[in-house]
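Trainee: this one's sequence-less:
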Ligand SMILES: Nc1ncnc2c1ncn2[C@@H]1O[C@H](COP(=O)(O)OP(=O)(O)OP(=O)(O)O)[C@@H](O)[C@H]1O
Ligand SMILES: Nc1ncnc2c1ncn2[C@@H]1O[C@H](COP(=O)(O)OP(=O)(O)OP(=O)(O)O)[C@@H](O)[C@H]1O
Ligand SMILES: [Mg+2]
Ligand SMILES: [Mg+2]
């Protein structure tokens, strides 16, 4: 190669950068979009039913979202690494019962929560080990552990159930109490959410989760401890499912062997609506939390508007599809608009450059 | 002989072998298993899963998934019941319901191919939507008075044999599916699409069209299953076949179909379906509780993915030992 | 042409036995009776089946229980009917998830000489020999309205929180509730809505929230399902509506004890599930022994009570018990 | 081994009698190599000779079956890429390994971001450091831009920046220049020289021999996994090097036959894809090889993609032998006799998890059919024929293509498309990553095809290749056709002038 022109100005890529900043901003706005949809929905409901945003109403909205937000936060971490944990519903159920069983015997509430979290950690570790050491598809493994944990739960629990009467009054009161309209449980979930988001953005190991979801082979070559990170993501997800179990107990005061059945689909929906992509590497826990808030609120909004519960399921499904479609269409439109404007700018600058 | 070795430990063959072993063992040792009535029950109850597993396998091979199948089945059943109550002729209703299935599948397919949405997300959405529509259509009714010749076809046996009457049509569909997937250019394209969509497109394969066809056929088969379900159990309700999608997915996974796309055989998938069905039947006859059955299913799934891996590692180790020796 | 609802002959080859009942036949011993609840691990059915087990042990017969782990797994329940048929039990007691879906399998069982009793939740009459009903649907529906009306002083808006929209027994009860409400003494009570919580704690919970937001003047809720009433009570007890909005319906004393004591709930009712199971077991043994065949008017003795078979082979357990702060501590189920 | 001409003191990194097998394939057999500080060491060999395997062994990706790796004279065992990195070895792999969802800055500094208190990442410092690296390489890539959608060349530049950012003692580069054009290569070499002067050891792989002679001091050659020689470059000729690599003398590299062009085969008129390329018109005749030159990012690949139907065009038309093509439909383009050998063989050219046989068969799904069913015999013989014709080096035709070396993968892509018997063949960087011997073969093949009447449009960043093979050269500059130069007038100067926009358009 002798065709060197070292003094030549590098191929100008200036417009690209301003374009990507805009894209960046728009991507951040994707979470904003969910928030807007959520707010519109709330406002419309409030107009239709002035009691909706009463103190009690707000409290209910927040409480309903809390548990799903927690589990969705954990799930996002796993999904970001290009994996999935379908066993969260089973884990939540067994952790809730374990905590309840312990409290039933007259235990300490804090110990009960720790117990639930530890149980979650245990199952998270199991999933993580199977997925990362076995290097097998997460979908299958966690579908398997979904069944296994649920089965163990049913064998252990049998037809027993824990009701509010079996629990210490303080524990149950904590589940529905709070500072005016803001429940304690929601505060806990918020704290976990913010801490997780901060960790993902500002810590090396957090960024590595994105990296290995984005390109696992490249992550290995970059010397990222892939197995360790995946194990950690699953463990964290399990821990949050366990914590959510304890919260479920406090909130509903009522658990049996069926608690949390089918929850995995709700969690996955929330994560998807929140813009966490299943092929890994992108999305944020804030998005997932908003997705969770949106989904649970639909279930409060429809009854509050007097929509017959017969319609709820269909509306839920259609909303889910609408949410992801609108998100997608907006993204496509913005991308093509950006491309065109970038092209125009390039042409302009080139014209200028030539004259200069 | 590394070639025959790897072939011998292919997972779909293992599943097939497990099925045969289970059947042979059960014939000898499990009371009540071997008689024609039980076998017909076993096959009859497994047929809905098997029917949906056919298109699902093709879909998964091409890298997509449809979780709305059970809802589509429920919706066709509900519409069938509703129209029947309205006094329409069953011969008109059935084609209409199949058409409805086509529409359901088409909606999934269009959302996936036109908007480029992930099929997992789309079909979780339609899973709720179709079931919800079924609930709106039929409400709390349970329609049970379908004409007896149809009920008998869906529930009856071929003479005194162990084969349900509906088994023959299934067999025909199975053969068609096997040929399509493993012996036609269409099937070959599906493997390519599943393994690398972009490379398939660069090879001139019409990726979107293939996927649209698959989703549509899946919808059609799901509604066929819904009709069969309603007649087999003589009951059309909006919640028919709830949760069937997980059974199908579990069985297909067990049969060694890779959810990343591009790998698997229909034989393996169907062996997986009947292995799960037979296992459940045998466990019930042996008084294994429902809870323990769930655990067994889960363990089997985990083994189904760990198994081939371990087998591969053993094969590699052996090959290394041989080349060293 | 074509086969339509109107021109298709309904399949009336009912398997009702033509055998004659022999009221004096001795109760056989050493029989096996299989219990098939809607769902295993469900506390209600566990109590019921325990009652059945106790009765069978007393009668010198064998008890077994099989069943699906989900209350909506109809095909699972069908295969359990098949399993019991294969295992050649003498009789089975079934709580049907679906009135039609089990029919083929149950008829198959009856044609193999197995006696079929349904309990709690019935199938079509020709698919079983007898149905043991927990209480007359009419009694249940009417008494629940009476209970709530007293609590709210015969005035105000009320709502119903049911289970699934398809739940047959719920719908029958609700029908009778509406009948009862037509009585002039309820002229100031208005039934504003029927909500469905699908027997899921969380959904029932949110449906209760919705009811209260939509109808701020709501005075009372009837929830004729144990899951629904429990969830509604839990929500009310943690909200500002506690004690202000009355709640009644069908619940178990163990579930509801706390809410009765803390003032969320004044009173509710239920039959004793163990007694239901007990009667189902005794009916099954009576059928298998030939004492009865399931025809209207036949009588048989179960324990110390004599029951008469009503129309369509229905046997009714009796009136439900009302639980309140005074008597609740006497019950444990 | 003794090295009479050791340039420095002790080797910083050495391999001793390394062997590595993949199943039955012996990729490396007792290979030794010494890397000294302050030298750029070339690794040469045909496709599949074992160069990349050697590098991966050095980098801790593969564990050698036998032999030792010595670092500063001490034996070391790398348990993973992280270990090698910690030992001061930076690697640019043959295939880019980026995280498409992450920004360029994060890609470069993943795992080693500048930290603030409490171990938090200093995003601002990361950004600044990336900008500095880009300046050093003389490119303007936005550090915040996600890596998804970068052209192969830009990806390669990010890889280079990543390797440089380590400030490593040993820099290993596996075909870093394969996707680059002259100016970027010049920048890169400038940086490499500086590193060398600072005392770093560099191991460099390229199939462009002139680059080896430009930048390297010593060269090690491999053939079929075996060590052939290690010697100083000085005093060697290209022919010497080729002889060591191939084991024989080479045919002519650009065996262009003179052909009289026939009818117009491909005609592109006023083709525009907004924001990408504008108003492209040209014709290719039967028997003609038309070169399409331009700088990286000029839009050549985009034109090829649109013509073949992968992307839709916004205006204009494309005809093959007078038949209008449908917009955005590769299948109709194929039916009309068009073939495209794409630029990115791993993502676009091949289904990596499929066998060689089936990959080649993929373009014949319409022809190897009997009564609607696949004719497996016909498929196999078609694939075998072309694999043999192109001398693909493989163990079994049923092996998956991801076990092949890069060059052999490229041959499979060519085979796949030549097997369709195209009337118009578009090749995008057909010899990227192909060894000299094979390159000559590919050229001979293209020349023969043209002689048989196939119209060939050849996109290449390898200017000598364009000049050596093309009857006519089209030059693109920033999405437009800047010039059309007949063979007689095409020189490096005229083409580069048009490509950089200095020629009167
Ligand atoms: N993962 C693998 N599995 C099996 N065989 C492999 C694998 N990687 C490389 N090989 C084989 O090892 C041999 C050496 O390949 P390698 O990639 O090192 O060649 P190379 O010299 O880098 O060639 P190129 O110039 O084409 O990049 C080839 O025969 C290749 O097929
Ligand atoms: N898949 C893609 N997505 C987004 N932008 C792309 C993509 N591929 C290329 N580009 C951008 O489009 C422009 C034109 O690239 P193109 O690949 O057509 O150029 P080229 O002349 O073929 O150069 P080369 O092939 O040498 O990279 C470049 O700025 C490139 O960065
Ligand atoms: Mg290589
Ligand atoms: Mg290009």
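Mentor: Thanks, I have it. Just so it is clear, the structure is predicted and the values come from calculations on it, not from any experiment. Ligands and ions are numbered 1, 2, ... in the order given.
Trainee: pLDDT weak spots in the chain?
Mentor: Answering for chain A, as no chain was given. Chain A contains residues with pLDDT under 70 at A:1-30, A:338-356.
Trainee: Sorry, I should have been clearer: chain C.
Mentor: C:1, C:8-19.
Trainee: Centroid-nearest residue for it?
Mentor: Nearest residue to the geometric centre of chain C (C-alpha atoms, centre = their mean): residue C:120, 3.3 Å.
Trainee: Hmm, it is touching residue C:167, no?
Mentor: No: with contact defined as C-beta atoms under 8 Å, residue C:120 does not reach residue C:167; the gap is 11.2 Å. All C-beta atoms are positioned from the backbone trio N, CA, C, and that covers glycine.
Trainee: Buried residues, stretch D:320-327. List them.
Mentor: D:320, D:325, D:327 (16 or more other C-beta atoms under 10 Å in any protein chain shown).
Trainee: likewise stretch B:143-162?
Mentor: Residues of stretch B:143-162 classed as buried: B:143-148, B:150-151, B:153-157, B:162 (neighbour count, 16+ other C-beta under 10 Å).
Trainee: Please list which of those residues also come close to ligand 2.
Mentor: When those are filtered against ligand 2 using C-beta under 6 Å from any ligand atom, no residues are retained.
Trainee: could the residues you listed go into a markdown table alongside pLDDT?
Mentor: Below are the buried residues of stretch B:143-162 laid out as a markdown table (pLDDT from 0 to 100):
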| residue | pLDDT |
| --- | --- |
| B:143 | 86 |
| B:144 | 83 |
| B:145 | 85 |
| B:146 | 89 |
| B:147 | 89 |
| B:148 | 86 |
| B:150 | 89 |
| B:151 | 86 |
| B:153 | 86 |
| B:154 | 85 |
| B:155 | 81 |
| B:156 | 81 |
| B:157 | 82 |
| B:162 | 84 |
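Trainee: Let me see the ranges of the strands in the stretch 51-200 of chain B.
Mentor: Read by DSSP state E, counting those that start in this stretch, the stretch 51-200 of chain B holds no strands at all.
Trainee: Please report how far whichever residue of it sits closest to ligand 4 lies from residue D:347.
Mentor: Nearest residue of the stretch 51-200 of chain B to ligand 4 (C-beta to the ion) works out as residue B:198 at 15.4 Å. Distance of residue B:198 to residue D:347, given as C-beta to C-beta, to the nearest Å: 5 Å.
Trainee: ok, now which ones touch residue A:221?
Mentor: D:59, D:61, D:81, D:91, D:93, D:97 (C-beta atoms under 8 Å, 6 or more residues apart in numbering or on different chains).
Trainee: Count the residues that sit near the residue nearest to the second one when sequence neighbours are not counted.
Mentor: If you skip the residues right next to it in sequence, residue D:61 has residue D:81 as its closest partner in space, 5.7 Å away by C-beta to C-beta, 6 or more residues apart in numbering or on different chains. A count of nearby residues for residue D:81, using other C-beta atoms under 10 Å in any protein chain shown, gives 22.
Trainee: One more: the one 3 residues further on?
Mentor: Here the number of neighbours of residue D:84 (other C-beta under 10 Å) works out to 27.
Trainee: for it, helix, strand, or coil?
Mentor: What DSSP: H, G, I helix; E, B strand; the rest coil gives for residue D:84 is helix.
Trainee: what does the model give it for pLDDT?
Mentor: With respect to pLDDT, residue D:84 has a value of 90.
Trainee: coming back round to it: wouldn't the residue of the stretch 51-200 of chain B closest to ligand 4 be in contact with residue D:350 here?
Mentor: No: the criterion here is C-beta under 8 Å, and residue B:198 misses it with residue D:350 at 10.2 Å.
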